[in-house]
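# Here is the input, now give the coordinates:
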Amino acid sequence: VNTIGSKANHSRIAQHVVSCKTALDRFRELQQKGERTPAEQDEFEELVARTLRHDEAYGSDGLEGYLDGVLSGHNGYVEELGLQEDLELAGRSTDLPPIDGLPVELTLESDLQLAALEVLERPLPSPREEDKPDYTWLERPTGAIVLLEVDGDVLAMASYPDRARGAARDVGDRPYERTLRLLDAQPPGSVMKPFVAAWAVDQLELDPRSAIECSRAAHPITGRAGYQTVHCWRVDGHGEHVDLEHALRRSCNSYFAWVGDTRYRQPEPYLEMYAAFGFGQPTGILSDADGQGLPEDGDTPRWQPSPRTLSRQRDLMLACNGLGVPQTTVMQVARAYAGLATGALPEVRLVRAIGGQPVPSRAVDLPLREESLRAVREALVNCANEMSWSVGRGSAAPALNEVALAEMGLEPLKVAAKTGSADLRSASADGDERVLKHTWLATWFPAHEPRFVLVVFCYQTYATSGSSSIWLGRQFLLHPTVKAWLREEGLVR
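Below is the predicted model of the structure:
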């Protein structure tokens, strides 16, 4: 647990130099008045508390900026009067004691935060010969890792690079906070599919047993698997019988384009699903302080779907695959997976206590039946653990299946997971071109008694999630610090 100590006699800086100057001018004006009305005296005392002194420190960015409102105290002030003034003002002098700021206890675990940064700084390539790592990205990695308790407490929120790289002309080389920001296009890709599926089963009469064919033969117009105008990521498709479990386990684009076409139909159901899982809304992480150090972009209107941007059926088919219009932050994805795992969408929080007083955790129940959520959850358990080619190997299983984790010293840990590869431009017709994309891994563990959510985000890589983010997720779980923490939590032997 981390604690930020209070800053004695510190005041908050005004948001703008002009406003600070105006407050100081008004302070001097009232200070020089021979007699102040009660209202002026109240204003004077408020200005005393917040006027910045030349020797004061304040939080301007990061966590100290975010928490400056509670870390900073108020200035003290003693107004000394001469004998004649004292007689004339009849005791109206000002004597304000300084008020120290409050200590703040954070949810962040510094050792887990450092472990996440180390993984992002030195990512390892996939050990499998059949994978195609992006070695350029591995040499200059950009991304983020979030580790969250399912009740919303943030244990790690690491972004990399954490300092400017080279001339830092590109967004990927700048030391931005990336877990709460949308710095440019950031579609979630296939990590959006479980939410689309759960909502369709519960609210839109999707039968999980209903199946479609995903093959070249079923889509002869382009000669590669797909549904109408949406291509599947796997050129040969996923077979003649793809139901909901299969589609989530293998991440079939054709199936979710079909769901968008036949179940969502109009923008409104999609927008209801999107909001129910917390997308397009603040995560709650900024609700416990009024500082300016941690901006959050997840509710910025220009990044969010709307009836207008989902007006075409193709837009809905892409959106159900997490492509096109939806744009999400890493923290939003982590929060949504906590909701999916437990049935209650938590408010994310960084602060456990202020001034020794606990900050309450808050959550709202999802408007979905348990059986609808269960169907999706089991598919994600298979996504992380099914290794059989005859059934169809799960997209996250090569890195995260429980047998492999046990062999690496993480027995008996079992996870549920979903991968995502969000192309930032179209693939070539033959599907062989490696296209620039963001890749994602979203996982919770233990699989059937969820306690923690882990999200890994790789910014602009040519590798798929199967060659990038799933291996960073495993690298994080295998980090010595994280393994020791898992042991302390009773999750591994």
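
# OK, contacts around the residue positioned nearest the centre of the chain?
Central residue of the chain (Cα atoms, centre = their mean): residue 331, 1.0 Å from the mean position. Listed by Cβ atoms under 8 Å, 6 or more residues apart in numbering, the contact set of residue 331 reads 146, 154, 157, 179, 180, 283, 285, 296, 298, 348. Quick note: C-beta positions are derived from backbone N, CA and C, even for glycine.

# how about the strands of the stretch 51-200 of the chain, start to end?
77-78, 95-96, 104-106, 143-149, 154-160 (DSSP state E, counting those that start in this stretch).

# taking the mean pLDDT, what do you get for the first one?
So the one you mean is strand 77-78. Strand 77-78 comes out with an average pLDDT of 58.

# cool, the last one as well?
The pLDDT scores in strand 154-160 average 97.

# buried sites along that strand?
154, 155, 156, 157, 158, 159, 160 (16 or more other Cβ atoms under 10 Å).

# If we ignore the residues flanking it in sequence, what's nearest the fourth one?
In this structure, residue 157 finds its nearest non-sequential neighbour in residue 179, 4.5 Å apart by Cβ to Cβ, 6 or more residues apart in numbering.

# isn't that neighbour right up against residue 332?
No - judged on Cβ atoms under 8 Å, residue 179 makes no contact with residue 332 at a distance of 9.4 Å.

# Show me the shaky parts of the stretch 1-150 of the chain.
For the stretch 1-150 of the chain, applying pLDDT under 70 flags the ranges 1-24, 34, 48-100.

# The same query, at a cut-off of 90, please.
Where the stretch 1-150 of the chain drops to pLDDT under 90, the residues are 1-105, 129-131.

# now, among the buried residues of strand 154-160, which is nearest to residue 471?
Closest to residue 471 out of the buried residues of strand 154-160 is residue 160 (15.7 Å), distances taken as Cβ to Cβ.

# List the beta-bridge partners for that closest one.
Residue 160 forms beta bridges with residue 143, as assigned by DSSP bridges.

# So it versus residue 175, what's the distance?
Shown here: residue 160 relative to residue 175, a distance of 9 Å by Cβ to Cβ, to the nearest Å.

# do residue 474 as well
Noted for residue 474: a distance of 26 Å to residue 175, by Cβ to Cβ.

# can you check residue 163 too?
5 Å.

# So those two - more neighbours on which side?
residue 175 (13 against 9; other Cβ atoms under 10 Å).

# and the more buried one, what is it in contact with?
159, 161, 162, 163, 164, 168.

# out of everything not next to it in sequence, what's closest to residue 184?
Sequence neighbours aside, residue 171 is the residue nearest to residue 184 in space, at 5.9 Å (criterion: Cβ to Cβ, 6+ apart).

# Would you confirm that the one you found contacts residue 186?
No - using Cβ under 8 Å, residue 171 is not in contact with residue 186, being 10.8 Å away.

# Compare these two (neighbour count), which wins?
Each of residue 171 and residue 186 has its neighbours counted (other Cβ under 10 Å); residue 186 has more, 24 against 13.

# Give me the nearest residue to that one, chain neighbours excluded.
Taking Cβ to Cβ, 6+ apart, and ignoring the residues beside it in sequence, residue 186 has residue 327 as its nearest neighbour in space, at 5.2 Å.

# Tell me the predicted confidence for the one you found.
Per-residue pLDDT puts residue 327 at 95.

# Checking my notes, it in a strand, right?
No - per DSSP: H, G, I helix; E, B strand; the rest coil, residue 327 lies outside any strand segment and is coil.

# who's in contact with it?
The contact partners of residue 327, by Cβ under 8 Å, 6+ apart, come to 182, 185, 186, 187, 188, 303, 304.

# quick one, phi/psi of the nearest residue to the fourth one once chain neighbours are set aside?
Same thing as residue 187. Excluding its sequence neighbours, the residue lying closest to residue 187 (Cβ to Cβ, 6+ apart) is residue 422, at 4.1 Å. When read as degrees, to the nearest 10, the backbone of residue 422 gives phi -100, psi 100.

# neighbours around residue 422, how many?
Applying other Cβ under 10 Å, we find 24 residues neighbouring residue 422.

# That one and residue 251: what is the separation?
In terms of Cβ to Cβ, residue 422 sits 12 Å off from residue 251.

# Identify the contacts common to the two.
Residues touching both residue 422 and residue 251 (Cβ under 8 Å, 6+ apart): residue 190.

# Just the closest of the contacts of residue 175 to residue 377, please.
Nearest to residue 377 among the contacts of residue 175, with distances taken as Cβ to Cβ, is residue 159, at 28.9 Å.

# thought the closest one was touching residue 178?
Yes - contact criterion Cβ under 8 Å: residue 159 and residue 178 qualify, at 3.9 Å.

# Overlap of the contact sets of the two?
Shared contacts of residue 159 and residue 178 (Cβ under 8 Å, 6+ apart): 143, 144.

# quick one: low-confidence ranges for the stretch 301-450 of the chain?
Counting by pLDDT under 90, the low-confidence segments of the stretch 301-450 of the chain come to 301-303, 354-357, 359-360, 389-392, 424-434.

# could you pull out the strands for it?
Under DSSP E, counting those that start in this stretch, the stretch 301-450 of the chain gives strands at 344-346, 351-354, 357-358, 363-365, 416-423, 437-445.

# now the ones you listed as JSON lines including distance to residue 33?
Formatted as JSON lines, those follow (distance: least, Cβ to Cβ, whole Å):
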{"stretch": "strand 344-346", "distance to residue 33": "52"}
{"stretch": "strand 351-354", "distance to residue 33": "37"}
{"stretch": "strand 357-358", "distance to residue 33": "39"}
{"stretch": "strand 363-365", "distance to residue 33": "52"}
{"stretch": "strand 416-423", "distance to residue 33": "62"}
{"stretch": "strand 437-445", "distance to residue 33": "60"}
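
# among these, which is nearest residue 220?
Taking Cβ to Cβ, strand 416-423 is the member of the strands of the stretch 301-450 of the chain nearest to residue 220, at 22.8 Å.

# Starting from that closest one, tell me which strands it pairs with and how they run.
Next to strand 416-423 in the sheet, as set by DSSP bridges, lie strand 437-445 (antiparallel).

# any idea how far the strand it pairs with is from the chain center?
Relative to the chain's own centre, strand 437-445 is displaced by 11 Å; criterion: Cα atoms, centre = their mean, to the nearest Å.

# And stretch 384-399, by the same measure?
On Cα atoms, centre = their mean, the centre of stretch 384-399 falls 26 Å from that of its chain.

# How about stretch 158-168?
19 Å.

# Against residue 258, how distant is residue 228?
In terms of Cβ to Cβ, residue 228 sits 8 Å off from residue 258.

# between those two, which one's more packed in?
Each of residue 228 and residue 258 has its neighbours counted (other Cβ under 10 Å); residue 258 has more, 24 against 15.

# ok, the more buried one - contacts?
Residue 258 sits in contact with 212, 227, 317, where contact means Cβ under 8 Å, 6+ apart.
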